[in-house]
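*Asks:* What shape does this take:
(one chain, ligands or ions: 1)
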Amino acid sequence: MSQFINSRRPRRNRKSETIRAMVEETRVTTNDLIFPLFLIDGKNQKTEVNSMPGIFRLSTDLMLKEIEECLRLGIRAFDVFPAVEDQHKDKTATKSYDSNFFYLRALREIKKQFPEACIMTDVAMDPYSSDGHDGLVKDGKILNDETLEILGKMALAQAETGIDILGPSDMMDGRVGYLRNVLDANGFTEVSIMSYTAKYASGFYNPFRDALDSAPKFGDKKTYQMNPANRQEALIEAQLDTEEGADFLMVKPALAYLDIIRLLKDNSSLPIAAYNVSGEYSMVKAAALKGWLDGERVMKETLLSMKRAGADIILTYFAKEFAAIAN
Ligand code: PBG
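*Replies:* Numbers count the residues shown, from 1 in each chain. Down below sits the predicted model:
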């Protein structure tokens, strides 16, 4: 019998747990993860996001506790998003650069209490915009260059709180270069930019928009976010962001875009981040709650797939859960 089969037997390298561990090519560790957090105004406030079981909007005091717990588990990087009440939203996202607004106050407090925590912020108008768009709206159109001015003010206000990384998630043309200039001109040469480089107009963001109540009031985001059908275009975005001074390139969403993660990894020397977005989290959670999938196993497998595809960094709502079982 054996004379008919090749003497190469790949199964030998799978025969024991020890050998399997020895030949393992990809590993996810807590060092790779950034945990997105949702901030709300007030004190002692904690509300679960309906479509994201296990994920809560937290007021500053509770977020500080959450960060402390995560640091103990080995999660050291956080991306903080504000959920803004309707009464504070307007056409020009004024609250986004009001240094007394709860988001900016919270960032200052977080960096004061945990200077060692790496804090990333979100640069885009949608959480503060009465139109629910990432850019300034005029006559039903999203204005590009006028938006940059607002993003510049927002970025400066965030940089002033002492945060580590800015995350422009808006997809306006030229924003990375614009923000880099504004930061440098004001002495913030050390603040990093993780650009949402290939951000697709995706159906996977809905639970996030529930979390922040930030869905667009009209239309969609297809004039600024990328068409899911496109691959080459991701290279154009990557080239521009690199020229404009981005420190990291991000692909978003992650799971349905593993090919794009690999594409950027193979074509760039910059670190590549993947955003394992809200809808990807919700799908796994929902199926696990129904008993249809082993949630823990699928969580690990999806995170692994992103690293295997070439992601150096993963932004994921699973970060804390992963850390709790990784240790
Ligand atoms: C908006 C923004 C979105 C996410 C991060 N920043 C949603 C959108 O573009 O509508 C989505 C994150 C997620 O789904 O987890 N600036």
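*Asks:* interface residues of the protein facing the ligand?
*Replies:* Proximity of the chain to the ligand, by Cβ under 6 Å from any ligand atom, involves residues 122, 124, 126, 134, 169-170, 205, 208-209, 221, 277-278. Any C-beta I mention is one placed from the backbone N, CA and C, and that applies to glycine too.
*Asks:* Between all of those, which two are separated the most?
*Replies:* Distance extremes for the residues of the chain next to the ligand: the farthest pair is D170 and S278 at 17.4 Å, using Cβ to Cβ.
*Asks:* Name the residues of stretch 81-93 that are buried.
*Replies:* Using 16 or more other Cβ atoms under 10 Å as the test for burial, stretch 81-93 gives 81-84, 88-89, 92-93.
*Asks:* just the residues you listed now: which is nearest the ligand?
*Replies:* F81 (6.9 Å; Cβ to the nearest ligand atom).
*Asks:* what comes into contact with the helix or strand containing the closest one?
*Replies:* Assigned by DSSP states H and E, F81 belongs to strand 77-82. The list of residues contacting strand 77-82 from outside it, by Cβ atoms under 8 Å, 6 or more residues apart in numbering, reads 33-40, 63, 67, 70, 102-103, 106-107, 110, 117-122, 127-128, 167, 211-212, 315.
*Asks:* Now, the residues you listed that are in helices?
*Replies:* 63, 67, 70, 102-103, 106-107, 110, 211-212 (DSSP state H).
*Asks:* quick one: which of the residues you listed has the most company?
*Replies:* Y103 (26 neighbours; other Cβ atoms under 10 Å).
*Asks:* Once you drop chain neighbours, what's closest to that residue?
*Replies:* P82 (3.9 Å; Cβ to Cβ, 6 or more residues apart in numbering).
*Asks:* Strands along the stretch 1-150 of the chain, start to end?
*Replies:* Secondary structure of the stretch 1-150 of the chain by DSSP state E, counting those that start in this stretch: the strands cover 33-40, 46-48, 56-59, 77-82, 118-123, 136-138, 141-143.
*Asks:* For the ones you listed, could you give me TSV that also reports distance to E160 and mean pLDDT?
*Replies:* Below are the strands of the stretch 1-150 of the chain laid out as TSV (distance: least, Cβ to Cβ, whole Å; pLDDT from 0 to 100):
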stretch	distance to E160	mean pLDDT
strand 33-40	17	98
strand 46-48	28	97
strand 56-59	22	98
strand 77-82	15	98
strand 118-123	11	98
strand 136-138	22	95
strand 141-143	26	95
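*Asks:* got those strands as a markdown table, with distance to I272 columns?
*Replies:* Listed next are the strands of the stretch 1-150 of the chain as a markdown table, based on distance: least, Cβ to Cβ, whole Å:
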| stretch | distance to I272 |
| --- | --- |
| strand 33-40 | 13 |
| strand 46-48 | 31 |
| strand 56-59 | 29 |
| strand 77-82 | 15 |
| strand 118-123 | 15 |
| strand 136-138 | 30 |
| strand 141-143 | 27 |
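*Asks:* Let me know which of those strands is the nearest to I261.
*Replies:* Among those, the nearest to I261 by Cβ to Cβ is strand 33-40 (15.1 Å).
*Asks:* list the helices and strands that closest one packs on?
*Replies:* strand 56-59, helix 60-73, strand 77-82, helix 102-113, strand 313-316, helix 319-326 (3 or more Cβ pairs under 8 Å, 6 or more residues apart in numbering; DSSP states H and E).
*Asks:* returning to what we had before: who does the strand holding F81 pair with, and is each partner parallel or antiparallel?
*Replies:* strand 33-40 (parallel), strand 118-123 (parallel) (DSSP bridges).
*Asks:* what's in contact with stretch 184-199?
*Replies:* Here stretch 184-199 has contacts from 120, 156, 159, 163-171, 176, 179-180, 183, 225-226, 233-234, 237-238, 241, 245-252, 257, 260, 264, 273, 275, using Cβ under 8 Å, 6+ apart.
*Asks:* Give me the buried subset of those residues.
*Replies:* For the contacts of stretch 184-199, buried by 16+ other Cβ under 10 Å: 120, 156, 159, 163-171, 176, 179-180, 183, 225-226, 234, 237-238, 241, 245-252, 257, 260, 264, 273, 275.
*Asks:* What about these, which are in helices?
*Replies:* 156, 159, 176, 179-180, 183, 234, 237-238, 241, 260, 264.
*Asks:* and which of those is nearest to V49?
*Replies:* I260 (26.4 Å).
*Asks:* quick one: which of the strands of the stretch 1-150 of the chain is nearest G152?
*Replies:* It is, among the strands of the stretch 1-150 of the chain and with distance given as Cβ to Cβ, strand 118-123, at 9.2 Å.
*Asks:* Tell me the gap between that closest one and the middle of its chain.
*Replies:* 9 Å (Cα atoms, centre = their mean, to the nearest Å).
*Asks:* Ignoring the adjacent residues along the chain, who's closest to L39?
*Replies:* Using Cβ to Cβ, 6+ apart, the nearest residue to L39 is P82, at 5.1 Å.
*Asks:* rewinding a little: now the ones in helices among the contacts of strand 77-82 in TSV, with pLDDT and distance to T302?
*Replies:* TSV is the format used below for these (pLDDT from 0 to 100; distance: Cβ to Cβ, whole Å):
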residue	pLDDT	distance to T302
M63	98	26
I67	98	24
C70	98	20
F102	98	33
Y103	98	30
A106	98	30
L107	98	30
I110	98	28
A211	93	20
L212	90	23
